[in-house]
Structures are given as C-alpha cells and as structure tokens.
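**Q** coords below, sequence missing:
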C-alpha cells in the first residue's frame, strides 16, 4: 500500500521533492495588503511571517500541497482543481491564507495551470531567481510564509504582459460572496 501511495503522489508532480528551509530566509515581519470586505486589497500593514517546521507544514498541508508549497514541486499540466474555476473571488495561500490573486486578473493561458496577469497586491508576492533544471525563470513565493506558488513569465496579456503561472494545490479559493459573509460575521454588533 505504501508503494502505491508514493506512486500516486509522485505521479501528480513533474519535479521530485526538494526539501528546503524556506523559513530561514524569511524576515520576522513583512508588509502586505490584506483583504477588504469588497474583495479589494486593503492598506499596507506589517504582519508577522509564518514559520513552521517541515513536519508542522506537512501535517497542516497534506502530502500534495506540501510537495508544492514547501518542497517546490509542480503539478502536472491540466490536472489542478482551480484551472477551470471561473467563479468570481480571491485565491489565497494554502499555507498561510494571505490573499494572492483575484479572479479579476485570471485568464486562460492554455498552459494547463491557473494563470493571472497580476497579483492581488504586489507586496503579497516575493520573486526570486530560479535556475533549477537548466532553466532561467522567476519563481514566485508567498511573501508571508515563503511557500512556492509557481513562476512568472513575460508572455502574458495586457495590461501587464505578465503571466503568473500557479499550482492549484498552493491556493485556496473563496468567492466574493463568501468573503462578504465572513466580513459581516466579524463586525461587532
């Protein structure tokens, strides 16, 4: 059974697991923009970064999300659950719940991964050079927890010309209606 489970998990990813200590590279705080009740970015504010051990991350995320967010794996093209999501809302980090992308900037890139022409807020995304596997790319990470999200390329549509190419498993989606209901529930009565 263990061999079957390992085979099923490894078949979902193009790249093998690479353990990294991403938390060691994170500052103690980061300036980001959180979500307003209407689904727009709020004012910039400084918040603590989210740092956990590998075992804590794996327990929280499960094997598939851990393989992408923490071990820098990649889902196979056309396999992610959010690729064909056409609902209106916000895509959050599956690791720390930071708002990362909005349906307002999502487009069909034809690449097999959810794609966006801009992030929810530029402060919420970190970019680093990625020269793994003999390629020169720009990796995108969640600014608050350092989780691997995917890569950004310069072949996207107007107005930015960018294509933020994401792994579905690194994201959680909430509709604008869900966001409004949650915001109303948090208001004092």
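**A** That came through fine. Here the structure is a predicted model, which is why all the values come from computation and not from measurement. Residues are numbered from 1 along each chain as shown.

**Q** Give me the three-state assignment for the residue nearest to residue 184 when sequence neighbours are not counted.
**A** Excluding the flanking residues, the one nearest residue 184 by CB to CB, 6 or more residues apart in numbering is residue 37, at 7.5 Å. Where you see a C-beta, it was placed from the backbone N, CA and C, and this is true even at glycine. The three-state label given to residue 37 by DSSP: H, G, I helix; E, B strand; the rest coil is coil.

**Q** Quick check: residue 34 touching residue 42?
**A** Yes. Residue 34 is in contact with residue 42 according to CB atoms under 8 Å; the separation is 5.0 Å.

**Q** ok, back up a step: phi and psi next, for the residue nearest to residue 184.
**A** With angles defined as degrees, to the nearest 10, residue 37 sits at phi -60, psi -30.

**Q** give me the number of residues near it?
**A** Counted by other CB atoms under 10 Å, the residues lying close to residue 37 total 15.

**Q** What of residue 123?
**A** 17.

**Q** ok, now which ones touch it?
**A** 30-33, 44, 143 (CB atoms under 8 Å, 6 or more residues apart in numbering).

**Q** Let me have these in JSON lines, extended by pLDDT, secondary structure and neighbour count.
**A** JSON lines is the format used below for the contacts of residue 123 (pLDDT from 0 to 100; DSSP: H, G, I helix; E, B strand; the rest coil; neighbours: other CB atoms under 10 Å):
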{"residue": "30", "pLDDT": "97", "secondary structure": "strand", "neighbour count": "21"}
{"residue": "31", "pLDDT": "97", "secondary structure": "strand", "neighbour count": "13"}
{"residue": "32", "pLDDT": "98", "secondary structure": "strand", "neighbour count": "24"}
{"residue": "33", "pLDDT": "97", "secondary structure": "strand", "neighbour count": "20"}
{"residue": "44", "pLDDT": "96", "secondary structure": "strand", "neighbour count": "11"}
{"residue": "143", "pLDDT": "97", "secondary structure": "coil", "neighbour count": "27"}
